[in-house]
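**Q** fold the following, please.
(one chain, ligands or ions: 1)
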Amino acid sequence: PHPQGMVLTHLNVHPGECIAVKGTVPPDAKSFALNMGRAGSDLALHFNPRFESHGDTCIIICNSLQGGEWGEEQREPDFPFQLGQDAKICISFNDQELTVAVALPGEQQLKFPNRLGLEAIEFFSVEGDFRVKSIKFK
Ligand SMILES: CCCO[C@@H]1O[C@H](CO)[C@@H](O[C@@H]2O[C@H](CO)[C@H](O)[C@H](OCc3cn(Cc4ccccc4)nn3)[C@H]2O)[C@H](O)[C@H]1NC(C)=O
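**A** Residues are numbered from 1 along each chain as shown. Next comes the predicted model:
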């Protein structure tokens, strides 16, 4: 099978701008992740909805990755995603925090501290069970 997902680099997204991702969650999805930061090993946010994965059921795991080391997980039980449904996710940030707004299927905002002091998002990747339909930079 082809590995799922995509990697975008040299993005230069600044505070106040947002990355708007639209896509579909397959009906048999187990887990997907949106990663953003400086590079694959230097992530301000690993946003990882788990439908059934790592012993977790329907929970969003957020974490940072610095020099290849995971930080402390933030576990969010408010879970807006549904198997087989479209999803619309807008990511923005400032010096204090990153904000993930899920506009589909639920309306939900999730905040995560900007532990890296990130000033621009250069790197964005999608991994796992999420079929990207569009990415817009607003
Ligand atoms: C109870 C003691 C062990 O704790 C467990 O430790 C695991 C290993 O650190 C934690 O799982 C890791 O959590 C990280 C976030 O904190 C990341 O999610 C680690 O996965 C990285 C990763 C991305 N990918 C690509 C990918 C992503 C999504 C779907 C498909 C492929 N493959 N591995 C994932 O392996 C897992 O979240 C954690 N569970 C708890 C309850 O704390």
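**Q** need the residues of this protein near the ligand, please.
**A** S31, F32, A33, H46, N48, H54, I61, N63, W70, E73, E127, G128 (Cβ under 6 Å from any ligand atom). C-beta: built from backbone N, CA, C; applies to glycine.
**Q** top of those by number of neighbours, please.
**A** F32 (25 neighbours; other Cβ atoms under 10 Å).
**Q** who's in contact with that one?
**A** For F32, the contact set (Cβ atoms under 8 Å, 6 or more residues apart in numbering) comprises V25, N48, P49, V126, E127, G128, D129, F130.
**Q** between these, which sits nearest V13?
**A** V126 (15.0 Å; Cβ to Cβ).
**Q** check contacts around the nearest residue to the closest one once chain neighbours are set aside.
**A** Spatial nearest neighbour of V126, excluding adjacent residues (Cβ to Cβ, 6 or more residues apart in numbering): G5 at 4.5 Å. Going by Cβ under 8 Å, 6+ apart, G5 touches S125, V126, E127, G128, F130.
**Q** go again with 10 Å.
**A** Shown in contact with G5 (Cβ atoms under 10 Å, 6 or more residues apart in numbering): F32, A33, L34, N35, S125, V126, E127, G128, D129, F130, R131, V132.
**Q** leaving aside the residues adjacent along the chain, what's closest to the closest residue to the ligand within the chain?
**A** Closest residue of the chain to the ligand, Cβ to the nearest ligand atom: G128 (2.4 Å). Nearest non-adjacent residue to G128, counting by Cβ to Cβ, 6+ apart: F32, 3.8 Å away.
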